[in-house]
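Novice: Mind looking at a prediction? Sequence and model below.
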Amino acid sequence: AALTVRFLTRRFIGEYGDMEFIYSHNLIVDGREILFHIWDVPSSQQAEEGSSEEKRIQWADSFVLVYSICDRASFNILPLKIQFIKAAKEGQSQEKVPIVIVGNKRDLHHQRVVSSEEGRLLALSLDCGFYEVSAAE
């Protein structure tokens, strides 16, 4: 949620509830106006399997999966999530689904438990993009 709000408003808010939101946002990219619809799902709700998760996957055209560099468990669930997404999306078409892995909380490097190299290697092995960011900064 912090990363989504930072993207939409350029402000950082550190505390969020455990709510799911859909945001719409216009942005100019390469001279073209792009309308983004962002379905922001908290990590507690991402653990769901079944129709709700399937609905989110079918709704989306691309995926940004965010983990905390300070939380190994949030990183460790990514391979399963990505495999689930790819099976649901790529099984229907020949097109590769755009997926980006984002390590957040780069500003908390003193609490880091997941290295940048681990994130890069995971993204490479799963054919995903990779970035490390700080929503706070």
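Specialist: Everything's here; your move. Since the model is a prediction, treat every value here as computed from it, not as a measurement. Numbers count the residues shown, from 1 in each chain.
Novice: Any buried residues in the helix or strand hosting K81, and which?
Specialist: Taking DSSP states H and E as the definition, K81 sits inside helix 78-90. Buried residues in helix 78-90, counted by 16 or more other C-beta atoms under 10 Å: 78, 81-82, 85-86, 89. No exception for glycine: its C-beta is placed from N, CA and C like everyone else's.
Novice: Using CSV, list the CA coordinates for it.
Specialist: What follows is helix 78-90, C-alpha atoms only, in CSV (Å, rounded to 0.1, in the frame of the first residue of the first chain):
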residue,chain,number,x,y,z
LEU,A,78,7.2,-15.1,-4.5
PRO,A,79,8.1,-18.2,-6.6
LEU,A,80,4.8,-19.9,-5.8
LYS,A,81,2.8,-16.7,-6.5
ILE,A,82,4.6,-16.2,-9.8
GLN,A,83,4.1,-19.8,-10.9
PHE,A,84,0.4,-19.5,-10.0
ILE,A,85,0.1,-16.3,-12.0
LYS,A,86,1.9,-17.7,-15.0
ALA,A,87,-0.1,-20.9,-15.0
ALA,A,88,-3.4,-18.9,-14.9
LYS,A,89,-2.4,-16.2,-17.5
GLU,A,90,0.0,-17.9,-19.9
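Novice: can you list the residues that contact that helix?
Specialist: 46, 49, 53-54, 57-58, 63, 65, 67, 96-97, 99, 101, 122, 126, 128 (C-beta atoms under 8 Å, 6 or more residues apart in numbering).
Novice: what's the first-to-last distance across stretch 118-137?
Specialist: This stretch, stretch 118-137, spans 22 Å end to end (C-alpha to C-alpha, to the nearest Å).
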